[in-house]
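Novice: Dropping a prediction and its sequence here:
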Amino acid sequence: TPYWMAPEVVACENMKDKPYDEKCDIWSFGITLIELAEMNPPYADFHPMRVLVKIPKAPPPSVSDQRKWSPGFPAFLSTCLVKEAPRRPAASDLLKHPFMHTGGDSLAPVRDLLRLLAADVTEILQDAKAEDLNDKPTSTMVLTGPGKSQPAPQQQALQMQQQQQQ
């Protein structure tokens, strides 16, 4: 559905030569926070096709009544919902935002989501043991921190098994 689409993703749907990157996830993250706060994403009452027109043209959304929230929350949302993707911060930058250092453990789930957005994704191809000719290689996605590599649990088990056989 288009409700969580960043402006550059909407533009890419209309003009294939305008690519987008991981910063579109930061926009979607901000929309998700609004949804969690208000029980609906912005423009939830609009038809999805109308939302596709509204996202690029309207100002960035925020919570409907900012007085209900601590001042840091609307400020954090406005940081996530910068319309120009190159000016939108990366997840690692959002983790440094002052709002992320308020609220103690109550913000732990939000920080965890940002860490996942900031993580590298590594794809590990594993060859199935050829007991059956129909076996095909499998692929496992592993999230790791920037610059770190971590084998998938299946890969770790295979490495341990190979070490024991030696």
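Specialist: Everything's here; your move.

Novice: what about the closest residue to Glu35 other than its chain neighbours, which SS state?
Specialist: Once flanking residues are discounted, Glu35 sits nearest to Pro41: 4.5 Å by Cβ to Cβ, 6 or more residues apart in numbering. C-beta: built from backbone N, CA, C; applies to glycine. At Pro41 the chain is in coil, as set by DSSP: H, G, I helix; E, B strand; the rest coil.

Novice: Pro41: what's it in contact with?
Specialist: Tyr3, Trp4, Ile31, Thr32, Ile34, Glu35 (Cβ atoms under 8 Å, 6 or more residues apart in numbering).

Novice: Recalculate using a threshold of 6 Å.
Specialist: Tyr3, Ile31, Glu35 (Cβ atoms under 6 Å, 6 or more residues apart in numbering).

Novice: Give me the number of neighbouring residues for the second one.
Specialist: For Ile31, the neighbour count with other Cβ atoms under 10 Å is 23.

Novice: what's the answer for Pro42, then?
Specialist: 23.

Novice: Distance check, the residue nearest to it when sequence neighbours are not counted against Leu95.
Specialist: Leaving out its chain neighbours, the residue that sits closest to Pro42 by Cβ to Cβ, 6+ apart is Pro61, at 3.6 Å. Distance, Pro61 to Leu95, using Cβ to Cβ, to the nearest Å: 22 Å.

Novice: and what of Met39?
Specialist: For Met39, the distance to Leu95 - Cβ to Cβ - is 26 Å.

Novice: Compare those two and say which is more crowded by neighbours.
Specialist: Leu95 (16 against 8).

Novice: can you count the residues close to the closest residue to Thr102 other than its chain neighbours?
Specialist: The shortest distance from Thr102 to any non-neighbouring residue, by Cβ to Cβ, 6+ apart, is to Gly72 (5.6 Å). By other Cβ under 10 Å, 16 other residues sit near Gly72.

Novice: Cross-check the contact I'm expecting between Gly72 and Met100.
Specialist: No. Contact status for Gly72 versus Met100: not in contact, 8.9 Å apart, counting by Cβ atoms under 6 Å.

Novice: Return the helix or strand in the chain with minimum mean pLDDT.
Specialist: strand 138-144 (a mean of 46; mean pLDDT, DSSP states H and E).

Novice: where along this protein do the strands fall?
Specialist: For the chain, strands defined by DSSP state E occupy the ranges 120-126, 138-144.
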